[in-house]
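# Provide a 3D model corresponding to the input given below.
(chains A, B, C and D)
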Number of protein chains: 2
Amino acid sequence: MTLRPERPATIRQVAERVGTSIATVSYVLNGKDRAMRKELREAVWTAARDLGYVGNAAARALKGMQRGLIAVLVPQFGNNFFTRICVEVEAVMRDAGSVVITGNSDEDPAQERSILERLIAQQIDGCIIAPALSRPENLELLARHGVPTVILERSIGADIPSTDFVGHDNFGAGLLATRQLIAAGHRRIAYAGWNSPIANIHDRIEGYRAALAEVDVVPDPAWVLIDDLTLAGGRQVGERLAGLDVTALVIGHHHELAKGILGELGRQGRRWPEDLSIVLIGTPEWRDLVRPSLACIERPEGEMGRRAAELLLKKVETPAHVAPALLLANTFLPGGSIAPPRVP
Amino acid sequence: MTLRPERPATIRQVAERVGTSIATVSYVLNGKDRAMRKELREAVWTAARDLGYVGNAAARALKGMQRGLIAVLVPQFGNNFFTRICVEVEAVMRDAGSVVITGNSDEDPAQERSILERLIAQQIDGCIIAPALSRPENLELLARHGVPTVILERSIGADIPSTDFVGHDNFGAGLLATRQLIAAGHRRIAYAGWNSPIANIHDRIEGYRAALAEVDVVPDPAWVLIDDLTLAGGRQVGERLAGLDVTALVIGHHHELAKGILGELGRQGRRWPEDLSIVLIGTPEWRDLVRPSLACIERPEGEMGRRAAELLLKKVETPAHVAPALLLANTFLPGGSIAPPRVP
DNA sequence: GCAAAATATGTAAACGTTTACAATGCGAAT
DNA sequence: ATTCGCATTGTAAACGTTTACATATTTTGC
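Next up, the predicted model:
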């Protein structure tokens, strides 16, 4: 076992070892169809193998070739919704021969910008981004540098030309969740959500209202509980919830907010589904560990990741390519957290 | 708002706009101390800003400079243990001006190898890797190409020179977990773990044995339940557990295995801590959502990520740098899952 | 046997940087 | 008026590729 921490072998060294020109080596190694003696071709391959030759992507990039580098920029690394998407993107890109840079903006536009600048400096071939809050400037930066971009999940006010969108159906999620509770007999249903500056997040509330409208209920404004997307925010929602005369609750986000709410309910000694029926939008890791298990609206993370990745690959090939916004449907996962309302 | 999807500005364009040479621009933009007229220096900066100039990292890499690209390769993307480490690595690298590529080997050495090859082609400055199972070859690949490497969490048989190690104290984790149960009065304690080919994982079992030895207990071999690190593996462990005469359980892994076991316990109608006291090694997202909450051994993910990142940065600066293996300590998090054993 | 066609291989420019080195201009000292 | 030293700026090579183009070699058709 020989370890050679020298500089990696270059195409030139391979050529010298074979006794041919670098052009020949390049043609062979890239599988371009150039007429060539069979034994030369094979000699190149063995020499490359012997030297442990690995092409230098930086040099290739310099020639204007594709870099084989894709970036995914998400706003919450710890949120398994985004993790699942990343896993799928990585899988698609791996098959396509690319490597994925994963960035975490932590919902901070300034941090997002600094990451984007570095990504651009790295000459990425393309970018999938779930924007941190509402900052069209950062997306414009990508557009200015001609980086093919797919926007994920969060729609931002500005119209960025030649930028595609892949998300899930927020309105449908709110609708589906609320309908399940209505079907169980509930009418006084609260909604807990994030006080987000991101426009399309609030479509979930519209879905909630629409479902209630189907049974001629106009929700009391106090039923819509909006707070930070944190454990603390969730606890506050839980506290405000105690004062409301509702029998069911739609929790709009499965992550920290949901944990805060459920924790606070436990502290208050309120049980689901006896005291409160619950449907969650999103699928937490712990869905069937809490008892009774929670009814959830599952978002198509895997498909979102795959579609976003495939779309991006298409855009990298054909930069002019623009696809219509893609809104993927959700699935209802039944659980023990729904029961008919108790008759008072 | 002008969108210019043209090719990004080069140093040459900046030079032309200012009416100077590319050398001058390079010196200014890199902050090298070269005697220069103040107004020229400023003219360069404004021109660069106006053109939205962003240096081309590929060209820089070609000159043998640092690339600003670091890779983290983990074997389980969905496991929040690794996610937390990645978050911290990313933060340190961001401050250092580098970008992080995150790869997922999915415990598959072949996949790990193909990712590594691509990373090497990308001319990464360094790599933090938690090896998939036991494949020294893959680490040798990195060594051969002179990529500074820090091995994370999993020790692999082979001695790779100039490779550093950052992990947590597996033996200590097993010891600490078991001692807590012993302190509560338990003597018949089972251990549930992963049938992993990775050597140092099994140190946890040694810690478990050592703790029992402190109170002169030699565990029945049947008490050590080893299975796949999956939901199914966990369920099987749960089933085997039903036949054992034990009052407590150390679960060696917090992820899928633990979920499988706890799910199966629920199915059997066994409650903790009444029927079985439990300590978990690792801190799942849902730790205080299950009731009663679980006692856990928290591993220092944040510090592991930070130390690994700092060590790698040092190695990138000074490739010869080698530090002694770093074993970070764990913390016990109390929870409601421990109670004295019932007197039969 | 010879030109032409077909096959096989080499040459060199370009990509965007960094940086050693050379070159310019200018005031001061001789 | 030279010459020197200093401050300032420019020139050009190199990094490892890809690929258009040129060249060399063989085969073919007559």
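# contacting residues around the nearest residue to residue A:292 once chain neighbours are set aside?
In space, and not counting its chain neighbours, residue A:292 is closest to residue A:336: 2.7 Å by CB to CB, 6 or more residues apart in numbering or on different chains. Every residue, glycine included, has its C-beta placed from N, CA and C. If you count contacts by CB atoms under 8 Å, 6 or more residues apart in numbering or on different chains, residue A:336 has them with A:273, A:291, A:292, A:293, A:294, A:295.
# Show me what the helix or strand where residue A:70 lies is packed against.
Assigning secondary structure by DSSP states H and E places residue A:70 in strand A:69-74. For strand A:69-74, the helices and strands in contact under the criterion 3 or more CB pairs under 8 Å, 6 or more residues apart in numbering or on different chains; DSSP states H and E are helix A:80-95, strand A:99-104, helix A:109-121, strand A:126-129.
# Show me where chain A has its helices.
A:11-18, A:22-29, A:38-51, A:57-62, A:80-95, A:109-121, A:136-144, A:170-183, A:203-214, A:231-242, A:256-268, A:301-317 (DSSP state H).
# Any part of the third one near DNA strand D?
No. Using CB under 7 Å from any atom of the strand, no contact is recorded between helix A:38-51 and DNA strand D, whose separation bottoms out at 9.7 Å.
# Model confidence score at residue A:35, please.
At residue A:35, the pLDDT value in this model is 83.
# Tally up the residues packed near it, please.
Applying other CB atoms under 10 Å in any protein chain shown, we find 5 residues neighbouring residue A:35.
# repeat for residue A:232
12.
# mind checking pLDDT for the closest residue to it other than its chain neighbours?
In this structure, residue A:232 finds its nearest non-sequential neighbour in residue A:260, 6.5 Å apart by CB to CB, 6+ apart. At residue A:260, the pLDDT value in this model is 94.
# now residue A:292
89.
# pretty sure it contacts residue A:273?
Yes. Using CB atoms under 8 Å, residue A:292 is in contact with residue A:273, at 6.6 Å.
# about what we covered before: quick one: the strand holding residue A:70 near DNA strand D?
No. Figure legend: strand A:69-74 not in contact with DNA strand D (CB under 7 Å from any atom of the strand); closest approach 15.0 Å.
# Note down every partner strand of that strand and its orientation.
strand A:99-104 (parallel), strand A:126-129 (parallel) (DSSP bridges).
# for the first one, the distance to its chain's centre please.
Going by CA atoms, centre = their mean, to the nearest Å, the spacing between the C-alpha centre of strand A:99-104 and its chain's C-alpha centre is 12 Å.
# could you dump that strand to CSV, C-alpha only?
Taking C-alpha atoms only, strand A:99-104 is exported to CSV below (Å, rounded to 0.1, in the frame of the first residue of the first chain):
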residue,chain,number,x,y,z
VAL,A,99,-22.0,16.9,-6.5
VAL,A,100,-24.3,18.8,-4.2
ILE,A,101,-23.3,21.7,-2.0
THR,A,102,-25.8,22.1,0.8
GLY,A,103,-26.2,25.6,2.4
ASN,A,104,-28.1,26.7,5.4
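# what angle do that strand and helix A:80-95 make?
160 degrees (axes from the mean of the first three to the mean of the last three CA atoms, to 10 degrees).
# So what touches strand A:99-104?
A:68-77, A:86, A:89-90, A:93-94, A:115, A:119, A:122, A:124, B:69, B:86-87, B:90, B:99-103, B:115, B:118-119, B:122.
# That strand relative to helix A:301-317, how many degrees between them?
Computed by the same axes, to 10 degrees, the angle between strand A:99-104 and helix A:301-317 is 120 degrees.
# and the angle for strand A:99-104 with helix A:109-121?
If you take the same axes, to 10 degrees, strand A:99-104 sits at 160 degrees to helix A:109-121.
# Around DNA strand C, pick out the residues from chain A.
Going by CB under 7 Å from any atom of the strand, the residues of chain A near DNA strand C are A:19-24, A:34-37, A:40, A:59, A:62-64.
# let's see it at 6 Å
Residues of chain A lying near DNA strand C by CB under 6 Å from any atom of the strand: A:20-24, A:34-37, A:40, A:62-64.
# Just the buried subset of the residues you listed, please.
A:20, A:24, A:62 (16 or more other CB atoms under 10 Å in any protein chain shown).
# possible to save these as JSON lines with pLDDT and distance to chain B?
Output for these, formatted as JSON lines (pLDDT from 0 to 100; distance: CB to the nearest CB, whole Å):
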{"residue": "A:20", "pLDDT": "91", "distance to chain B": "22"}
{"residue": "A:24", "pLDDT": "92", "distance to chain B": "20"}
{"residue": "A:62", "pLDDT": "88", "distance to chain B": "5"}
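# Give me the distance between the two termini of stretch A:294-301.
By CA to CA, to the nearest Å, the extent of stretch A:294-301 from end to end equals 19 Å.
# Quick one: residues in contact with that stretch.
A:81, A:84-85, A:88, A:168, A:173, A:176-177, A:180, A:254, A:272, A:278-284, A:287-288, A:328-338.
# filter those residues to the buried ones?
Neighbour counting by 16+ other CB under 10 Å classes A:81, A:84-85, A:88, A:168, A:173, A:176-177, A:180, A:254, A:272, A:278-284, A:287-288, A:330, A:333, A:335, A:337-338 among these as buried.
# Run through those and flag the ones next to chain B.
A:84, A:284, A:288 (CB under 8 Å from any CB of the partner chain).
# so which of the helices and strands packed on strand A:69-74 gets nearest residue B:192?
Among the helices and strands packed on strand A:69-74, the nearest to residue B:192 by CB to CB is helix A:80-95 (23.6 Å).
# Using PDB, list the CA coordinates for that closest one.
Output in PDB follows, covering the C-alpha atoms of helix A:80-95 (Å, rounded to 0.1, in the frame of the first residue of the first chain):
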ATOM      1  CA  ASN A  80     -36.600  17.200   8.300                       C
ATOM      2  CA  PHE A  81     -38.900  18.500   5.600                       C
ATOM      3  CA  PHE A  82     -35.900  20.100   4.000                       C
ATOM      4  CA  THR A  83     -33.600  17.200   4.900                       C
ATOM      5  CA  ARG A  84     -35.800  14.800   3.000                       C
ATOM      6  CA  ILE A  85     -35.800  17.100   0.000                       C
ATOM      7  CA  CYS A  86     -32.000  17.400   0.100                       C
ATOM      8  CA  VAL A  87     -31.600  13.600   0.200                       C
ATOM      9  CA  GLU A  88     -33.700  13.200  -2.900                       C
ATOM     10  CA  VAL A  89     -31.900  16.000  -4.700                       C
ATOM     11  CA  GLU A  90     -28.600  14.500  -3.800                       C
ATOM     12  CA  ALA A  91     -29.700  11.100  -5.200                       C
ATOM     13  CA  VAL A  92     -30.800  12.500  -8.500                       C
ATOM     14  CA  MET A  93     -27.700  14.600  -8.900                       C
ATOM     15  CA  ARG A  94     -25.500  11.700  -8.000                       C
ATOM     16  CA  ASP A  95     -27.000   9.700 -10.900                       C
END
